[in-house]
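> Predicted model, plus sequence, below.
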Amino acid sequence: MRLIIENAQGARLFDIDLPGGPLVGSGRGWRLNDAGTVFVFKSPTPVGGLVRRARVKLPPAKPKRIDIRIDGRGLDLVQAAAAAPARVVALIDPPGARAGRCAETAFPGPPAASCTRKEVALVCR
C-alpha cells in the first residue's frame with residue numbers, strides 16, 4: 001500500500017510504501033481478519049523511518065468506504081495540520097493501482113472534510 005499526504009500547494013508531507021506479503025511471526029507483513037474486512041500491517045522497525053502499523057478497514061455496511069489508520073513516529077504534525085486543505089491518496093495495489101484499487105480524497109477544511117491535529121495524531125475526516 002502506498003499512502004501520500006500533500007498540502008494545498010501539492011508539496012508532499014508524507015509518501016510511504018508499505019510492502020506486501022503475509023505477516024510471519026514477529027516480522028513485517030500483513031494479516032487479514034476472519035471476516036475479510038480488516039487488513040493489518042505490522043513491522044518491528046519503522047518503514048521509511050515512520051510507520052510501524054497500518055490498518056485498512058472495509059466496512060461491510062458502507063461498500064464504497066475505506067478506513068485507513070497509520071501509526072508511526074517522526075511526522076511533523078504541526079506542519080501537516082497547518083497544511084489544510086490537504087489531499088490524501090491511498091494506492092492499495094501500487095505502483096499504479098492497475099486493478100483500480102485506489103482512493104483520493106481532498107480535505108478542504110471546515111465546514112467540509114478537514115484534517116486536524118489531536119494530541120499526537122493527525123485526524124482527517
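Noted; the coordinates are in hand. Numbering: from 1, shown residues only.

> looking at this protein, which helix or strand does the model trust least?
When each helix and strand of the chain is scored by mean pLDDT, DSSP states H and E, helix 77-82 comes last, with a mean of 61.

> Return the distance of the residue of the chain most remote from its centre relative to A54.
The C-alpha centroid of the chain is most remote from G25, which lies 23.4 Å away (CA atoms, centre = their mean). Distance of G25 to A54, given as CB to CB, to the nearest Å: 18 Å. (C-beta placed from N, C-alpha, C; glycine too.)

> Tell me where the protein has strands.
2-6, 12-17, 29-32, 38-47, 51-57, 67-72, 86-91, 102-107, 115-118, 121-124 (DSSP state E).

> and these, which one's lowest on average pLDDT?
Here the lowest mean pLDDT among the strands of the chain goes to strand 102-107, at a mean of 66.

> burial of the residue nearest to T37 when sequence neighbours are not counted, as a residue count?
Of all residues beyond its chain neighbours, the one nearest T37 is L58 (4.9 Å), with distances taken as CB to CB, 6 or more residues apart in numbering. For L58, the neighbour count with other CB atoms under 10 Å is 15.

> before we move on, the earlier item: export the strands of the chain as TSV, with columns for mean neighbour count.
Putting these into TSV (neighbours: other CB atoms under 10 Å) gives the following:
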stretch	mean neighbour count
strand 2-6	19
strand 12-17	16
strand 29-32	14
strand 38-47	16
strand 51-57	18
strand 67-72	16
strand 86-91	19
strand 102-107	15
strand 115-118	15
strand 121-124	16
